[in-house]
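>>> Mind looking at a prediction? Sequence and model below.
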Amino acid sequence: MRAYVSMCFGDPWEGGVPVAQVVEVGKRLFDLGASQLSLGDTIGVGTAGHVTALVRAFVEAGMGLDQLAMHFHDTYGQALANTYAALQAGVTTYDASAGGLGGCPYAKSATGNLATEDLVWMLHGLGIETGVDLEEVAAASVWMAGHLGRPSPSAVVRALAPASSAGAAQSGA
């Protein structure tokens, strides 16, 4: 069972969250029976350095890297950089959403999640096979953006989408 800890890097009411507090909460969830823990940057304020420090603190507290997963929002455009930092630290499980869909209902300034297309592009560039058809995910994201009437936040969608499809999706048509 994967448990989630939201706002590991900051929250809209109190600001920054101490690493030790996140580790304490995460360890309690394992004591209650969780087998994996997803660490969430719910409002998208995390940085690569903070990600590295948080992962290191969990490892120092006795947790295995295979017990950790990451969930990044892209409010400040750092979701992919944060993912890379966690990957470099040894974490291999990530949440992502096609077209970066998502948000946070209790933090109105938070934007969508890490876009699957951006994650897959980076992983393939690192030589990591994902089994994901990047062009198919990008096409689905273009379709969703068009139906939602908003542009896709994914840089890969903007780069890979055919001009006519991207233009329609970006204009909301």
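In hand now; what should we look at?
>>> what are the C-alpha coordinates of the longest helix out of those in the chain, in PDB please?
In terms of residue count, the longest helix belonging to the chain (DSSP state H) is helix 134-148. What follows is helix 134-148, C-alpha atoms only, in PDB (Å, rounded to 0.1, in the frame of the first residue of the first chain):
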ATOM      1  CA  LEU A 134       5.700   9.300 -26.200                       C
ATOM      2  CA  GLU A 135       3.900  10.400 -29.300                       C
ATOM      3  CA  GLU A 136       0.700   8.700 -28.300                       C
ATOM      4  CA  VAL A 137       0.800  10.300 -24.800                       C
ATOM      5  CA  ALA A 138       1.500  13.700 -26.500                       C
ATOM      6  CA  ALA A 139      -1.400  13.200 -28.900                       C
ATOM      7  CA  ALA A 140      -3.800  12.400 -26.000                       C
ATOM      8  CA  SER A 141      -2.600  15.500 -24.100                       C
ATOM      9  CA  VAL A 142      -3.200  17.700 -27.200                       C
ATOM     10  CA  TRP A 143      -6.700  16.200 -27.400                       C
ATOM     11  CA  MET A 144      -7.300  16.800 -23.600                       C
ATOM     12  CA  ALA A 145      -6.000  20.400 -23.800                       C
ATOM     13  CA  GLY A 146      -8.400  21.100 -26.700                       C
ATOM     14  CA  HIS A 147     -11.400  19.700 -24.700                       C
ATOM     15  CA  LEU A 148     -10.400  21.700 -21.600                       C
END
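>>> Tell me the helix or strand right after that helix.
Remark: after helix 134-148, the chain's next helix or strand is helix 155-160, criterion DSSP states H and E.
>>> Just the mean pLDDT for that next one, thanks.
Average pLDDT, helix 155-160: 89.
>>> next helix or strand past the helix or strand hosting residue 23?
Residue 23 belongs to helix 19-31 when elements are defined using DSSP H and E. As assigned by DSSP H and E, the chain's next helix or strand after helix 19-31 is strand 36-41.
>>> Where does the prediction get shaky in the protein?
In the predicted model of the chain, residues 106-110, 162-173 satisfy pLDDT under 70.
>>> 50 instead, please
Along the chain, segments meeting pLDDT under 50 span 163-173.
>>> tell me the domain ranges of it?
Split into domains by automatic domain parsing, the chain comes to 1-114, 115-173.
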